[in-house]
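>>> Pasting a predicted model and its sequence here:
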Amino acid sequence: MKTWTKKGTTKAQAAVQNGVVYVGGGDAYWYALDAATGSILWKVYTGDNSATAGHYNWSSPLIYNGYAYIGVASLGDCPLVQGQLLRVDLNTHQIVNIFNVVPTGQVGGGIWTSACWGPVPGCDLERWHQLYACARRHSEFRSAKYGPRGSSY
């Protein structure tokens, strides 16, 4: 078993698929690691997590249909940041969509838990599914809908 160590800590659990470990790094990045060696394959910037900016990857990633869904929240709400759900294309290694829980310019709505994927009640279950993510904003629940093949936010 390979142990990967770096400066920083993370509270998120890793997701493993096809020999790749996906995990928040406890710093400003989210990582794809080689499961056999622990070496960094690629990384994605998720937000400044310095003491003055406060972005943090609390949530464990959801890996589904060629994409990773990563929640961003504050480091202990100090300072408070705009909660986001990032959609990363696992082929291009780029963020392809950002779901802002609160409007641009506002703070709050951090996503502290893992997103999950499921059918939309009352819809064609073969075509329509919904991505569920819990955001911390006055106990509000927000979600983003996806159509066939996860085509839109």
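Now that the structure is in, tell me what you want to look at.
>>> which non-adjacent residue is nearest Lys56?
I think there's a mix-up here, since residue 56 is Tyr and not Lys. Residue nearest to Tyr56 in three dimensions, not counting chain neighbours: Leu75, with 4.2 Å by Cβ to Cβ, 6 or more residues apart in numbering. No exception for glycine: its C-beta is placed from N, CA and C like everyone else's.
>>> swap in Thr104?
Nearest non-adjacent residue to Thr104, counting by Cβ to Cβ, 6+ apart: Gln82, 7.3 Å away.
>>> was I right about that neighbour contacting Phe99?
No - with contact taken as Cβ atoms under 8 Å, Gln82 and Phe99 are classed as non-touching, separated by 10.8 Å.
>>> ok, so what distance separates the residue nearest to Thr104 from Gly19?
Between Gln82 and Gly19 the computed distance is 34 Å (Cβ to Cβ, to the nearest Å).
>>> of those two, who's got more company?
Counted by other Cβ atoms under 10 Å, Gln82 and Gly19 do not tie: Gln82 has more neighbours, with 21 against 10.
>>> Can you spell out which residues form a bridge with the more buried one?
Gly108 (DSSP bridges).
>>> Same check on the one 5 residues further on?
When bridges are assigned using DSSP bridges, the partners listed for Arg87 are Tyr69, Asn97.
>>> That one: how many residues sit nearby?
22.
>>> just Thr37 next, same as before
Each residue near Thr37 was counted by other Cβ under 10 Å, and the total is 10.
>>> Torsion angles phi and psi at it?
The phi/psi pair for Thr37 (degrees, to the nearest 10) reads phi -110, psi -20.
>>> Distance check, it against Ser60.
For Thr37, the distance to Ser60 equals 22 Å [Cβ to Cβ].
>>> can you pull the contacts of Val107?
Taking Cβ atoms under 8 Å, 6 or more residues apart in numbering, we find Val107 in contact with Ser74, Pro79, Leu80, Val81, Gln82.
>>> for Asn91, that is, sorry about that
Going by Cβ under 8 Å, 6+ apart, Asn91 touches Gly66.
>>> What of Gln106?
Contacts for Gln106 (Cβ under 8 Å, 6+ apart) come out as Gln82.
>>> I'd like the mean pLDDT over stretch 20-38, please.
The predicted model assigns stretch 20-38 a mean pLDDT of 91.
>>> Can I get it in CSV? Just the C-alpha atoms.
Presented in CSV, the C-alpha positions along stretch 20-38 are these (Å, rounded to 0.1, in the frame of the first residue of the first chain):
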residue,chain,number,x,y,z
VAL,A,20,-6.9,6.6,-10.1
VAL,A,21,-7.5,8.0,-6.6
TYR,A,22,-9.4,11.3,-6.6
VAL,A,23,-9.2,13.5,-3.5
GLY,A,24,-9.1,17.0,-2.2
GLY,A,25,-5.6,17.8,-1.1
GLY,A,26,-6.2,20.1,1.9
ASP,A,27,-4.7,22.9,-0.1
ALA,A,28,-6.0,24.9,-3.1
TYR,A,29,-6.2,21.8,-5.4
TRP,A,30,-8.1,18.6,-6.0
TYR,A,31,-5.9,15.7,-7.1
ALA,A,32,-5.9,12.7,-9.4
LEU,A,33,-3.3,10.2,-8.1
ASP,A,34,-1.9,7.0,-9.5
ALA,A,35,-3.3,4.3,-7.2
ALA,A,36,-0.3,2.1,-7.5
THR,A,37,2.4,4.7,-7.0
GLY,A,38,0.7,7.7,-5.3
